[in-house]
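J.: missing the sequence, but the structure's below:
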């Protein structure tokens, strides 16, 4: 997995990554916060939960959900934000919510490596 970290004076800290894995970057920046200590805490949680032989691990954020199953990480948009009324209206009007970019996946080893690099990047920039 290829990625690049950017410290932009206007947009702040960003992570550039492929379009297929854009939700991973969005989750990492928006849901975990821009703090090296928060990322370090997340690294510890991921390592503890994945080494405890748990089958499924899930981290729920405000808008996204990150899950780890069988050594694979999946980040998806939380679909619970659409009410039953809205879903019924969409169905009646034959509208749909675009879900083509709602899921990003990668291997656990790549994800942990990304977290470690993100932590070092934030730490080096004193965040």
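T.: Alright, I've got the coordinates. In this text, all values refer to a predicted model and were calculated from it rather than measured experimentally.
J.: tell me the SS of residue 104?
T.: Secondary structure, DSSP: H, G, I helix; E, B strand; the rest coil: residue 104 is strand.
J.: I meant to write residue 57 there.
T.: strand.
J.: you'd agree residue 23 is in a strand?
T.: No: the assignment for residue 23, made by three-state DSSP, is helix rather than a strand.
J.: roughly how far apart are it and residue 14?
T.: Applying C-beta to C-beta, to the nearest Å, the value for residue 23 to residue 14 is 14 Å. No exception for glycine: its C-beta is placed from N, CA and C like everyone else's.
J.: mind checking which of those two has more residues around it?
T.: residue 23 (23 against 14; other C-beta atoms under 10 Å).
J.: so the more buried one touches residue 105, yeah?
T.: No: at 9.1 Å, residue 23 does not count as touching residue 105 under the criterion of C-beta atoms under 8 Å.
J.: list residues touching both of these two?
T.: Counting by C-beta atoms under 8 Å, 6 or more residues apart in numbering, the residues touching both residue 23 and residue 105 are residue 75.
J.: so where do the strands sit in this structure?
T.: 3-8, 12-17, 56-60, 64-69, 72-77, 103-107 (DSSP state E).
J.: can you list contacts of the second one?
T.: The list of residues contacting strand 12-17 from outside it, by C-beta under 8 Å, 6+ apart, reads 1-8, 24-25, 28-29, 34, 118, 121-122, 125, 127.
J.: what pLDDT, on average, does that strand get?
T.: Mean pLDDT, strand 12-17: 89.
J.: and if you look at the third one?
T.: For strand 56-60, the per-residue pLDDT values average out at 85.
J.: cool, the fifth one as well?
T.: Averaged over strand 72-77, pLDDT sits at 90.
J.: in its sheet, what does that strand sit against?
T.: Using DSSP bridges, the strands paired with strand 72-77 are strand 64-69 (antiparallel), strand 103-107 (antiparallel).
J.: could I get those strands as CSV with mean pLDDT?
T.: Formatted as CSV, those follow (pLDDT from 0 to 100):
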stretch, mean pLDDT
strand 64-69, 89
strand 103-107, 90
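J.: beta partners of residue 59?
T.: For residue 59, the beta-bridge partners under DSSP bridges are residue 66.
J.: got the contact list for the residue most central in space within the chain?
T.: For the chain, residue 27 is the residue whose C-alpha lies nearest the centre (C-alpha atoms, centre = their mean; 3.0 Å). Counting by C-beta under 8 Å, 6+ apart, residue 27 makes contact with 61, 64, 66, 75.
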